[in-house]
Each structure stands twice: as structure tokens, then as C-alpha cells.
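*Asks:* next comes the sequence, and after it the predicted model I'd like to discuss.
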Amino acid sequence: MSQNNNSRPGRLPASVYRRRRITVLGLAVVVLALFTVGIVLLAQGLTKNTAGPGESQVQAGSGNEQGQDGSQGGAGESDGTNGAGGEPAEPGPDEASGKCPTEAVEISAKTDKPSYKPNSVIKLELGVTNKHNASCAIDVGPQKQTFTVKKDKDTVWSSAFCVSGEQKDQTQVFVAGANKKSVLPWDMIPTDDKCNRTKDTLDPGEYTLVTKLGDIESQPAKFVVEKPEEKKPEGEDKPAGEEKTQDKEQN
């Protein structure tokens with residue numbers, strides 16, 4: 001007896017194939033959507049990387065104004081601000097690398113007293129001020145600092161004559177208007193350019209101190225070395241009556 005069966009052996013119902021096609025189509029849509037999102041993100045990333053140099057410099061300047069600062073390894077320091085209100089300033093010529101423009105860096109020279117006795121210790125001061133209208137970096141390392149003492153036009157001593165030790169970079173961020181100082185005690189002993197002593201102390205007279213940071217030089221600061229007190233001959237300070245009494249006693 002034969003059985004009438006219109007379905008082929010092993011063939012699945014049509015509804016199963018429809019569900020499979022729908023699933024494959026849905027996956028294709030998801031993959032296409034993810035691919036489109038990836039293209040958009042990549043395009044945005046390329047746009048940020050190719051932004052103009054002015055945009056990135058302004059952002060860097062704003063970050064520096066939010067409190068980045070350093071300290072100078074001298075005897076003391078003081079910082080000032082110009083109250084700019086936090087608005088980013090236009091970038092200067094050297095700000096692409098964060099450095100202060102040379103013309104915006106002011107160097108000053110100062111001594112702790114206007115006059116000194118021979119063989120005293122003088123405190124020589126080098127001041128650095130950022131005159132720029134934005135925060136920027138200045139290398140204030142010892143290898144950049146020079147203290148020079150002159151009498152008339154002759155150099156009697158310079159810190160450059162006696163440089164020793166390892167020279168290290170000490171780049172610091174100066175906010176707009178900030179001032180820092182480095183103080184160097186000096187024993188008033190003049191030397192030649194080989195750091196050999198030429199005298200025991202400075203001669204009496206007027207001297208000038210000039211400081212430099214790299215190629216930037218200060219205005220001269222004057223100071224005076226006083227004449228040493230003359231020793232009076234023995235007995236010169238005694239009253240006249242006392243000297244006569246001593247003479248009578250001797251007679």
C-alpha cells in the first residue's frame with residue numbers, strides 16, 4: 001500500500017526559512033549601523049587633530065593660568081598677579097613651546113645694603129619678572145644665571161668665573177606679572193677669569209652689580225665699599241691731663 005506525501009524528505013517548512021532571512025537581514029542592518037558610527041567618530045578625531053595652532057595654544061595658556069607654578073631655589077621669592085580675570089590672552093611669539101617671549105622677561109639686580117665694610121658678605125640678588133599678559137615658562141637654572149661685579153668698566157668678579165657642579169634645567173611656569181628672585185651670598189673676594197684670587201677683599205670705592213639670565217641683562221645696581229677704619233697711634237686717644245700726669249710720674 002503506497003502513501004501519498006507531497007512534502008520532500010528533509011525539507012523544512014517555509015516559515016523557518018523566512019525567520020532565518022529576517023534574522024540575517026537584522027544582523028546586516030546592525031553591522032552597517034556600527035560601521036557608519038565608526039566612520040563618523042574617525043572623521044571627528046581627524047578634525048580635532050587638524051585644528052589650527054592658535055586653538056591649542058589658547059587651551060594650554062588657560063591650563064597654565066589655573067595654578068601651575070614653581071619655586072626658585074634662592075633665599076626667598078615673591079609672586080604677583082595682574083588680575084587678568086582668567087580670560088586667555090593672545091599667544092606670543094614663543095608660546096607654541098610654552099616659553100615666555102624674550103622681550104617680556106625683565107631681569108633686575110640688587111644688593112641687600114647700599115654700603116659695606118671690607119671683608120663683609122654681600123647678598124647679591126637676581127630678580128626675574130614675567131611682563132607678558134599670560135602664563136609662560138622661564139628657565140631659571142643656575143647655568144643661566146650670572147652675577148657680575150664691576151669697578152668702573154673692569155670686572156673684578158663674576159659667578160661665571162667659578163662655575164662648578166652639574167648644570168640642570170630648572171624651567172618654571174611664571175603667571176602673568178609674577179616675580180621671583182635668586183640670592184647669592186658673596187664674600188667680597190675678587191678673582192680672575194680662572195677663579196684665582198687676586199686680592200683679599202675689594203678696595204674702597206663704588207661698584208656695580210649686573211645680573212643676567214641667559215642673554216637678558218639687568219640695569220646696573222650700585223653699592224659702596226667703605227674705607228677701613230684707621231688705627232690711631234697708641235696713646236693718641238688719651239686726654240691731655242692724663243698724659244701730663246704720666247710724664248710727671250716718670251720724672
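*Replies:* Looks like it came in fine.

*Asks:* can you show me the strands along the chain?
*Replies:* 105-111, 115-116, 122-130, 136-139, 145-151, 154-158, 171-174, 179-186, 205-213, 216-217, 221-225 (DSSP state E).

*Asks:* can I get these in CSV including mean pLDDT and mean neighbour count?
*Replies:* C-beta coordinates here come from the backbone N, C-alpha and C atoms, glycine included. Listed next are the strands of the chain as CSV, based on pLDDT from 0 to 100; neighbours: other CB atoms under 10 Å:
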stretch, mean pLDDT, mean neighbour count
strand 105-111, 98, 18
strand 115-116, 97, 16
strand 122-130, 97, 22
strand 136-139, 95, 22
strand 145-151, 97, 20
strand 154-158, 96, 18
strand 171-174, 94, 19
strand 179-186, 96, 17
strand 205-213, 98, 19
strand 216-217, 97, 14
strand 221-225, 98, 17
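
*Asks:* OK, contacts around the closest residue in space to Ala221 that isn't next to it in sequence?
*Replies:* Closest residue to Ala221 apart from its sequence neighbours, by CB to CB, 6 or more residues apart in numbering: Ala109 at 4.1 Å. Counting by CB atoms under 8 Å, 6 or more residues apart in numbering, Ala109 makes contact with Leu124, Glu125, Leu126, Gly127, Phe147, Leu209, Val210, Thr211, Ser218, Gln219, Pro220, Ala221.

*Asks:* export the strands of the chain to JSON lines and tack on distance to Val29?
*Replies:* Listed next are the strands of the chain as JSON lines, based on distance: least, CB to CB, whole Å:
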{"stretch": "strand 105-111", "distance to Val29": "62"}
{"stretch": "strand 115-116", "distance to Val29": "89"}
{"stretch": "strand 122-130", "distance to Val29": "59"}
{"stretch": "strand 136-139", "distance to Val29": "53"}
{"stretch": "strand 145-151", "distance to Val29": "69"}
{"stretch": "strand 154-158", "distance to Val29": "79"}
{"stretch": "strand 171-174", "distance to Val29": "53"}
{"stretch": "strand 179-186", "distance to Val29": "64"}
{"stretch": "strand 205-213", "distance to Val29": "66"}
{"stretch": "strand 216-217", "distance to Val29": "66"}
{"stretch": "strand 221-225", "distance to Val29": "79"}
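
*Asks:* where does this structure have low pLDDT?
*Replies:* 1-12, 16-17, 40-97, 165-167, 232-251 (pLDDT under 70).

*Asks:* that one: helices as residue ranges?
*Replies:* 14-49, 53-64, 240-250 (DSSP state H).

*Asks:* test my guess that Gly141 contacts Ser182.
*Replies:* No - the pair Gly141 / Ser182 is not scored as a contact, 10.1 Å apart, by CB atoms under 8 Å.

*Asks:* give me the nearest residue to Cys162, chain neighbours excluded.
*Replies:* Using CB to CB, 6+ apart, the closest residue to Cys162 is Cys195 (4.1 Å).

*Asks:* number of residues surrounding the one you found?
*Replies:* 13 (other CB atoms under 10 Å).

*Asks:* also Lys131?
*Replies:* Using other CB under 10 Å: Lys131 sits among 16 other residues.

*Asks:* separation between it and Gln170?
*Replies:* From Lys131 over to Gln170 the distance is 20 Å, taken as CB to CB, to the nearest Å.
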